[in-house]
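**Q** Make a model of this:
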Amino acid sequence: MYTSGSMSLPKGTELTHASIVSAIISYAYAADVREDDRFLAFLPLAHVMEFCTEIALVALNNVIMYGSPKTLTNNSPKIMPGTLGDAQVAKPTYINAVPLVLDRIVDGVMERVKEKSNFMQNIFAKALAKKESQETSAFVKKLIDLMVFRQAIPGEKFSWVDLNVVNGYFLRPEKTKEAFFEMDGVRWFKTGDIAEIDDTGAIRIIDRIGDIIKLDNGEYIALGKIEMYLKEHPVIENLFVNAKAGARGCVCIAVPNEQQIKKIARALKLDASRSYRSLCRHPEVVANVLDALQKFGKEKGLRKCDIPLALYLSHIPWVPSCGLVGPAFKLRRKALEFHFQDVLKRM
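**A** Just a heads-up that it's a prediction; the model follows:
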């Protein structure tokens, strides 16, 4: 299997048969799959988690239904207005998910919540706060799921599977030596992630070492962290933040939600016959989205130096086949920088 190539060229990882079989058995044992469970598959089989999961589910004789990340929810970019997304049609009880897909599900749910009355929005906000609290009992959380969240979120369970550490990188001994080491007889892998331990003792991955950039004022910014927060805005489908060492600040290139862009165009009273592509190039639309992102970033607690100074809207979705994202929709920074090099120079 090959890595996503988010920071450099994809590297082949040497997975053993024992590692794959171990992952399949672990999933079958830990996921607690029932005979009547329904699995919605939308990640490519080039993604090792999806590969192992589907083999396990075939062995367990479970139903597997196939969808697409671009048609997953009612608000997905390839779903016509008024029609249902894959999750609503399939009604799965299990899915595998990656962060970007979860962000899109959250965006879809929040859009539905905004359509409700102020009273129902307050109920949802209080239920969510209660569900997230460490002090809320499991029984109360189940009641909240049944009474509130089952009405908004398709599906019941999300599952992840951890795989054994690989042998190394295929035909890349220098990279293998950099990333793997032994200490006290135990083999370790340097992931390149930056993590923090919260008050509950849980470890949270918050950024990548290669994503830390020093600006001209001496401040450091974390590109991945900025992307993580700004992607939560309902206008954004995907987003890439870029900055060079010594720059005045960062800029971003985003793939917007087509329906949201058309909604903005109507609010700006632009010509209704304009294409989605032309709207993405329209200065007023770009300025409107940039202003919304800047305000949203401040609301999320981003510092002044974290806020993007400029924005470019890309009308073409970033999918694995275009080479700008990996199988799990992780950004391929080098590929994005090369593809948008002329845009970045102008920004």
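
**Q** What residues sit buried inside stretch 39-46?
**A** 39-44 (16 or more other C-beta atoms under 10 Å). C-beta coordinates here come from the backbone N, C-alpha and C atoms, glycine included.

**Q** Equivalent analysis for stretch 286-295, please.
**A** 286, 288-290, 292-294.

**Q** Also stretch 9-21?
**A** For stretch 9-21, by 16+ other C-beta under 10 Å, it's 11, 13, 15, 19-20.

**Q** got a list of what Ile213 touches?
**A** Shown in contact with Ile213 (C-beta atoms under 8 Å, 6 or more residues apart in numbering): 220-221, 223, 243-245, 247, 250.

**Q** re the thing from before, can you tell me which of the buried residues of stretch 39-46 end up in strands?
**A** 39-41 (DSSP state E).

**Q** Can I get the buried residues of stretch 286-295 in JSON lines including secondary structure, distance to Asn118 and pLDDT?
**A** Formatted as JSON lines, those follow (DSSP: H, G, I helix; E, B strand; the rest coil; distance: C-beta to C-beta, whole Å; pLDDT from 0 to 100):
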{"residue": "Val286", "secondary structure": "helix", "distance to Asn118": "32", "pLDDT": "97"}
{"residue": "Asn288", "secondary structure": "helix", "distance to Asn118": "25", "pLDDT": "97"}
{"residue": "Val289", "secondary structure": "helix", "distance to Asn118": "26", "pLDDT": "98"}
{"residue": "Leu290", "secondary structure": "helix", "distance to Asn118": "29", "pLDDT": "97"}
{"residue": "Ala292", "secondary structure": "helix", "distance to Asn118": "22", "pLDDT": "97"}
{"residue": "Leu293", "secondary structure": "helix", "distance to Asn118": "25", "pLDDT": "97"}
{"residue": "Gln294", "secondary structure": "helix", "distance to Asn118": "26", "pLDDT": "97"}
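
**Q** Looking at these, which one is closest to Asn96?
**A** Leu293 (29.3 Å; C-beta to C-beta).

**Q** who's in contact with the closest residue to the closest one other than its chain neighbours?
**A** Spatially, and ignoring its direct neighbours in sequence, Leu293 is nearest to Leu230 (5.6 Å; C-beta to C-beta, 6 or more residues apart in numbering). Neighbour list for Leu230: 236, 239, 241, 252, 254, 293, 296-297, 300, 308 [criterion: C-beta under 8 Å, 6+ apart].

**Q** if we go to 6 Å?
**A** For Leu230, the contact set (C-beta atoms under 6 Å, 6 or more residues apart in numbering) comprises 239, 293, 297.

**Q** Quick check on it: phi, psi?
**A** The phi and psi torsions at Leu230 (degrees, to the nearest 10) take the values phi -70, psi -30.

**Q** Report the separation between it and Arg303.
**A** 13 Å (C-beta to C-beta, to the nearest Å).

**Q** now do Ile236
**A** 20 Å.

**Q** So between the two, which is more surrounded?
**A** Ile236 (24 against 11; other C-beta atoms under 10 Å).

**Q** Surely the more buried one touches Ile253?
**A** No - taking contacts as C-beta atoms under 6 Å, Ile236 lies outside contact range of Ile253: 10.9 Å.

**Q** C-terminal to the worst-scoring helix or strand of the chain on mean pLDDT, which secondary structure element comes first?
**A** Ranking every helix and strand in the chain by mean pLDDT, DSSP states H and E puts strand 157-159 at the bottom, with a mean of 33. Once strand 157-159 ends, the next helix or strand along the chain (criterion: DSSP states H and E) is helix 173-179.

**Q** Okay, buried residues for the helix or strand just after that following helix please.
**A** Moving toward the C-terminus from helix 173-179, the next helix or strand (DSSP H and E) is strand 180-183. By 16+ other C-beta under 10 Å, the buried positions in strand 180-183 come out as Phe180.

**Q** Need the contact partners of strand 180-183.
**A** By C-beta under 6 Å, 6+ apart, strand 180-183 touches 188-189.

**Q** Tell me where the stretch 201-347 of the chain has strands.
**A** Ranges of strands within the stretch 201-347 of the chain are 203-208, 212-214, 220-222, 236-242, 251-256, 311-313, based on DSSP state E, counting those that start in this stretch.

**Q** Quick one: distance of the longest one to the chain centre.
**A** When you say that, I think you mean strand 236-242. Computed by C-alpha atoms, centre = their mean, to the nearest Å, the chain-centroid distance of strand 236-242 equals 10 Å.

**Q** next one: the third one
**A** Centroid separation for strand 220-222 versus its chain: 20 Å, with C-alpha atoms, centre = their mean.

**Q** which other residues reach that strand?
**A** By C-beta under 6 Å, 6+ apart, strand 220-222 touches 207, 211-214, 305-306.

**Q** one more time with 8 Å
**A** 194, 206-207, 211-215, 243, 250, 305-306.

**Q** Pull out the buried residues from the residues you listed.
**A** Taking 16+ other C-beta under 10 Å as the criterion, what is buried in these is 194, 207, 211, 213, 215, 243, 250, 305-306.

**Q** Kindly reformat these as JSON lines containing distance to Arg34.
**A** Shown next, in JSON lines, are the buried ones among the contacts of strand 220-222 (distance: C-beta to C-beta, whole Å):
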{"residue": "Ile194", "distance to Arg34": "38"}
{"residue": "Asp207", "distance to Arg34": "38"}
{"residue": "Asp211", "distance to Arg34": "40"}
{"residue": "Ile213", "distance to Arg34": "47"}
{"residue": "Leu215", "distance to Arg34": "52"}
{"residue": "Ala243", "distance to Arg34": "48"}
{"residue": "Cys250", "distance to Arg34": "47"}
{"residue": "Cys305", "distance to Arg34": "50"}
{"residue": "Asp306", "distance to Arg34": "45"}
